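K.L.:
sequence and computational prediction follow.
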Amino acid sequence: MRKTLRSHQQECVDALRDSVSRGEIPYADCTVGFGKSLVMAEITNLAMRKGVRVLQITPSKELCAQNFEETYNHIDDNLKSKLGILCAGLNKTQQSRQSVICTFGSMLN
């Protein structure tokens, strides 16, 4: 079941989109428990709908798996096959997909 963004998460998404529309490089500083994975899932869904490629970079295989699951459950059904993982720790190399969730180390290699 698709989760609904809480008001502070939607405000974050809206602020990031506004930043991009002004030609700025968006940045969000979110605290523990903010719901960053869901915010990234929403941003990924919006970008993929427009045909934009997305790269989510995480520091660990655990967060890579968490973000993949959150994003997979949130994005439109017709986009699910375009979502991939690049993570040596998870033995996944799906870097040719439209949207890829990866660990920093796997991206560098």
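P.N.:
Happy to help now that I have it.
K.L.:
kindly state the pLDDT recorded for the most far-flung residue of the chain relative to its centre?
P.N.:
In terms of distance from the mean C-alpha position of the chain, residue 22 ranks first, at 21.2 Å (C-alpha atoms, centre = their mean). pLDDT for residue 22: 96.
K.L.:
now it: phi and psi?
P.N.:
With angles defined as degrees, to the nearest 10, residue 22 shows backbone torsions of phi -90, psi 0.
K.L.:
quick check: the gap between it and residue 47.
P.N.:
Taking C-beta to C-beta, to the nearest Å as the measure, residue 22 falls 17 Å from residue 47. The C-beta positions use only the backbone N, C-alpha and C, and glycine is treated the same way.
K.L.:
cool, and residue 36?
P.N.:
From residue 36 to residue 47 the distance is 16 Å (C-beta to C-beta).
K.L.:
residue 16 now?
P.N.:
Residue 16 sits 11 Å away from residue 47, going by C-beta to C-beta.
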